[in-house]
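S.K.: have a look at this prediction, sequence included:
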Amino acid sequence: MNAVAQPIVRPAAAVDCARLGRLAVASLHAELALAPKPGLVTPFDRGSHHDMDAGTFLRSLFALRHYFIAVAHLGAAGADFDALRRCGIAAEAAMLRATAGINTHRGAVFSLGLLVAAAAACRSRLGHAATGEQVCLEVRRWAADFARAPLDAGSPGQRARALHNVPGVREQAAAGYPLLREVALPSLRHALASGLPREAAMCHTLMQLVAHTDDLNLLHRGGAEGLRWARQQAHRFLAEGGAFAHDWQPRLQHIADAFVARHLSPGGSADLLACSLFLLQQEGT
């Protein structure tokens, strides 16, 4: 009887986990540095947030710098979801200590952490970088574990998810992040290939995500009407050319001001934007 061929799994040392970790932090920093953004914190203003500013985010990123390297090592070594989860819980605690209890990157700890681990797992198995889409689909290897992990039912995002009966980040992850594969990655690739500067391409992609995402942050802050209004603004911006139009910056600033007036902030879309930038960057390293 012929032996069944087993997939090749290379040792974690063969995967540049430090590089993947640095790319993750750089992607979050690039999202923070982006301006204008609708209701989100930028280096120049707090957006719709009264309890945080760019300095809060920078302290959070400094606290998380080792987490993404550690989770890459776990992914490359084929660790189970429980090990990833323990690593993420420790990272979230470090984030909260650095920010005096303010949630800056909880969503990124989960989604970007999973994608970093999946990128490392793909490299360990293939011996080279995977496409962003392949990395998204790799996350499905832990899908059965997501349902068993406890939820913080009292968190704003989970309350909004239950109230409005929309999928959250766990459901996105279990499905292999279709919003990243079908919206964010194609948009960012196209914008960059068309010659847009990275900042413009990211702003364009952010508005694509706002237009298509059931963003729990928007639902928490504005309810179904707030989400509907935000998506209408994004669709209008894109219909008028998005970041490909010569006057895109003042138009987006006008939208950003309107978001602040309504106390809206698409934090879930911002997390996905950072994830999409990481996924593209890891393809070339």
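M.R.: Yep, that arrived.
S.K.: quick one: residues contacting residue 210.
M.R.: 38, 230, 231, 233, 234, 266, 269 (C-beta atoms under 8 Å, 6 or more residues apart in numbering). (Glycine included, C-beta is placed from N, CA and C.)
S.K.: with adjacent residues omitted, what lies nearest to it?
M.R.: Excluding the flanking residues, the one nearest residue 210 by C-beta to C-beta, 6 or more residues apart in numbering is residue 234, at 4.0 Å.
S.K.: now residue 178
M.R.: Excluding the flanking residues, the one nearest residue 178 by C-beta to C-beta, 6+ apart is residue 172, at 7.2 Å.
S.K.: contacts only, for that neighbour.
M.R.: 111, 178, 179.
S.K.: tell me which of the residues you listed fall in helices.
M.R.: Counting by DSSP state H, the contacts of residue 172 place 111, 178, 179 in helices.
S.K.: closest one to residue 250 out of the residues you listed, please.
M.R.: residue 179 (27.9 Å; C-beta to C-beta).
S.K.: got the contact list for the closest one?
M.R.: Contact partners of residue 179, counting by C-beta under 8 Å, 6+ apart, are 172, 209, 212, 213, 272.
S.K.: and it, how far from residue 211?
M.R.: From residue 179 across to residue 211, the span is 11 Å (C-beta to C-beta, to the nearest Å).
S.K.: quick one: the closest residue to residue 132 other than its chain neighbours from residue 188, how far?
M.R.: In space, residue 132 comes closest to residue 279 once its chain neighbours are excluded; the distance is 3.3 Å by C-beta to C-beta, 6+ apart. Distance, residue 279 to residue 188, by C-beta to C-beta: 9 Å.
S.K.: more neighbours: which of those two?
M.R.: residue 279 (29 against 26; other C-beta atoms under 10 Å).
S.K.: quick one: what helix or strand has that one in it?
M.R.: helix 267-283 (DSSP states H and E).
S.K.: what is that helix packed up against?
M.R.: Packing partners of helix 267-283 (3 or more C-beta pairs under 8 Å, 6 or more residues apart in numbering; DSSP states H and E): helix 17-33, helix 106-126, helix 132-138, helix 185-193, helix 198-212, helix 216-239.
S.K.: and that helix, C-alpha only, in CSV?
M.R.: Output in CSV follows, covering the C-alpha atoms of helix 267-283 (Å, rounded to 0.1, in the frame of the first residue of the first chain):
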residue,chain,number,x,y,z
GLY,A,267,-13.8,51.4,13.0
GLY,A,268,-14.5,47.9,11.6
SER,A,269,-13.9,49.2,8.1
ALA,A,270,-10.6,50.8,9.3
ASP,A,271,-9.4,47.4,10.7
LEU,A,272,-10.2,45.7,7.4
LEU,A,273,-8.3,48.4,5.5
ALA,A,274,-5.2,47.7,7.6
CYS,A,275,-5.6,44.0,7.0
SER,A,276,-5.9,44.5,3.3
LEU,A,277,-2.6,46.5,3.2
PHE,A,278,-0.9,43.8,5.2
LEU,A,279,-2.1,41.2,2.9
LEU,A,280,-0.8,43.0,-0.2
GLN,A,281,2.6,43.8,1.4
GLN,A,282,3.2,40.3,2.6
GLU,A,283,2.8,39.0,-1.0
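S.K.: what inclination does that helix have with respect to helix 198-212?
M.R.: 130 degrees (axes from the mean of the first three to the mean of the last three C-alpha atoms, to 10 degrees).
S.K.: quick one: low-confidence parts of the stretch 51-200 of the chain?
M.R.: Residue ranges of the stretch 51-200 of the chain with pLDDT under 70: 149-165, 167.
S.K.: still on that earlier bit, just the contacts of residue 172 now: which is nearest residue 57?
M.R.: Nearest to residue 57 among the contacts of residue 172 is residue 111, at 16.4 Å by C-beta to C-beta.
S.K.: count of neighbours near the closest one?
M.R.: By other C-beta under 10 Å, neighbour count at residue 111 equals 23.
S.K.: scan the contacts of residue 179 and report the most crowded one.
M.R.: Highest neighbour count within the contacts of residue 179, by other C-beta under 10 Å: residue 272, with 31 neighbours.
S.K.: could you report the distance from that one to residue 115?
M.R.: Using C-beta to C-beta, we find residue 272 at a distance of 10 Å from residue 115.
S.K.: likewise residue 197?
M.R.: From residue 197 across to residue 115, the span is 24 Å (C-beta to C-beta).
S.K.: more neighbours: which of these two?
M.R.: Legend: neighbour count by other C-beta under 10 Å for residue 197 and residue 115, higher for residue 115 (31 against 11).
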